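**Student:** Make a model of this:
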Amino acid sequence: MADSGFGTTITFSSGFFAEILSVDGPDLARDPIETTHMGTTNGNKTFIPSDLIDNGTLSVEIAYVPATAPPISSAAETVTVTMPGGSTAAFSGFMVTFAPSFPIDDRMTASCDVKVTGEITRA
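**Tutor:** Numbering: from 1, shown residues only. Prediction:
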């Protein structure tokens, strides 16, 4: 059943905090490994899935507060996303982008990307 994302929170073990406007991801991916050879039937490429999964990037839009420094230069830390209803996704990650925006007649925001390193624990 579909649900609203209202109430989603993100915590960083460093204590970084921001008002969250939207969350996308993390976007999981697995590479294809090409297995095509000279005898492949009808000239169609064939593939098998890689055993490795890239757990991607968590993209977050936040309300920008100039006095709050983002952890863009910090090492990987525990990041926990808590969704409405209490489901969580926790992982080790580090901020790879932080892009503030200053519109003329709207709230200041920032887009952040957090790279997931290792496994995501879901509960």
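**Student:** How far off centre is the helix or strand of the chain with the lowest mean pLDDT?
**Tutor:** In the chain, no helix or strand scores lower on mean pLDDT, DSSP states H and E than strand 9-12, which sits at a mean of 91. Distance of strand 9-12 from the chain centroid (CA atoms, centre = their mean, to the nearest Å) equals 12 Å.
**Student:** now the helix or strand just after it: how far from the chain's centre is it?
**Tutor:** Sequence order places strand 20-24 as the next helix or strand after strand 9-12, per DSSP states H and E. Strand 20-24 has its C-alpha centroid displaced from the chain centroid by 10 Å (CA atoms, centre = their mean).
**Student:** Flag every buried residue along strand 20-24.
**Tutor:** Buried residues in strand 20-24, counted by 16 or more other CB atoms under 10 Å: 20, 23. For the C-beta atoms, the positions are set from N, CA and C on the backbone; glycine is no exception.
**Student:** In its sheet, which strands sit next to it, and in what direction?
**Tutor:** Applying DSSP bridges, strand 20-24 is found paired with strand 57-63 (antiparallel).
**Student:** Run through who's touching the partner strand.
**Tutor:** 10, 18-27, 79, 81, 93, 96, 107-116 (CB atoms under 8 Å, 6 or more residues apart in numbering).
**Student:** Then stretch 31-47?
**Tutor:** So stretch 31-47 is in contact with 48-50, 52, 54, going by CB under 8 Å, 6+ apart.
**Student:** Tell me which residue of this protein is furthest from the middle?
**Tutor:** What lies farthest from the middle of the chain is residue 39; by CA atoms, centre = their mean that is 40.8 Å.
**Student:** What separation is there between the most centrally placed residue in the chain and residue 28?
**Tutor:** For the chain, the residue nearest the mean C-alpha position is residue 58 (1.0 Å; CA atoms, centre = their mean). Noted for residue 58: a distance of 11 Å to residue 28, by CB to CB, to the nearest Å.
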